[in-house]
Every structure is written in structure tokens, then in C-alpha cells.
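K.L.:
sequence plus the predicted model coming up.
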Amino acid sequence: QVQLVESGGGLVQTGASLRLSCAASGRTFSNYYMGWFRQAPGKEREFVAAITSSGARTKHADSVKGRFTISRDNAKNTVYLQMNSLKPEDTAVYYCAADRTTLRLGVRSIEYDYWGQGTQVTVSS
């Protein structure tokens, strides 16, 4: 069992940057693949980025590639999402998720076992 707590969301203007953090409880964080998803009002939850347990490999959605970067610090039990050049269409609730079973850079929600409560990111134009 792992608990995930996101932080770092907020209201920013177009072009600004934010760094989201997701702190995980438990001793086995370094065994999990981690992912970030987002959900805008009236839309389905969508994949943003994923990272392997060691941090050696990552995957980013085409919509954020070149602007967002996922990373992790296993010593701090934390995964990050650095978001640069934010756009109004990035407005959503952002969720981090942990995968302890599938262990691949999954893009589907079903591939993740644990979820945080989400943090709101709002980008004004």
C-alpha cells in the first residue's frame, strides 16, 4: 500500500512554469513506476507522463513533449512534473499514480494501482 499526495498546483498566466510534486509514503517507492495524468472539466482523464522505477526512462504525451518533464528522487520518495510554457489548455486537475504490477510506461489509467487526490492547475490567457 502506498499513499500519494500531490502539491504545487496553482493559478498562473500563459507561458509561466510550475513544478508539481507527489510525495509517496512507504518503503517501496523505488520499486514503482510512476505516472502523471490530468483531467479537465467535462473530459476524460488523460496521460501526461510516466517514469520507470529507477528514473532511467520516461515517456511524455505528445501534447506536453518539450514543455513538461517528469523526474523522481527515490531518496525523497517524490516524483516531480516540471511544467514550462504553460497554456490555457493545460488547465486541469493533475494526478500522480503508482504502478506496482504492470511495470511499464503505461498510458492508461487502468495500469496504475494507486492514485493521489489531485492538485488543480489553472492557466489563464
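P.N.:
Nice, thanks for sending it over.
K.L.:
show me what contacts the residue nearest in space to the middle of the chain?
P.N.:
In the chain, the C-alpha nearest the mean C-alpha coordinate belongs to Trp36, at 2.3 Å (C-alpha atoms, centre = their mean). Trp36 makes contacts with Leu20, Cys22, Val48, Ala49, Ala50, Ile70, Val79, Leu81, Tyr94, Tyr95, Cys96, Ala97, as judged by C-beta atoms under 8 Å, 6 or more residues apart in numbering. Every C-beta, even on glycine, is put in place using the N, C-alpha and C of the backbone.
K.L.:
which residue is the nearest non-sequential neighbour of it?
P.N.:
Distances taken as C-beta to C-beta, 6 or more residues apart in numbering place Val48 nearest to Trp36, at 4.2 Å, with adjacent residues excluded.
K.L.:
sort out which residues of the host helix or strand of that neighbour are buried, please.
P.N.:
Assigned by DSSP states H and E, Val48 falls within strand 46-51. The neighbour-count check on strand 46-51 (16 or more other C-beta atoms under 10 Å) flags Phe47, Val48, Ala49, Ala50, Ile51 as buried.
K.L.:
how many residues are close by Ala56?
P.N.:
Ala56: 7 surrounding residues under other C-beta atoms under 10 Å.
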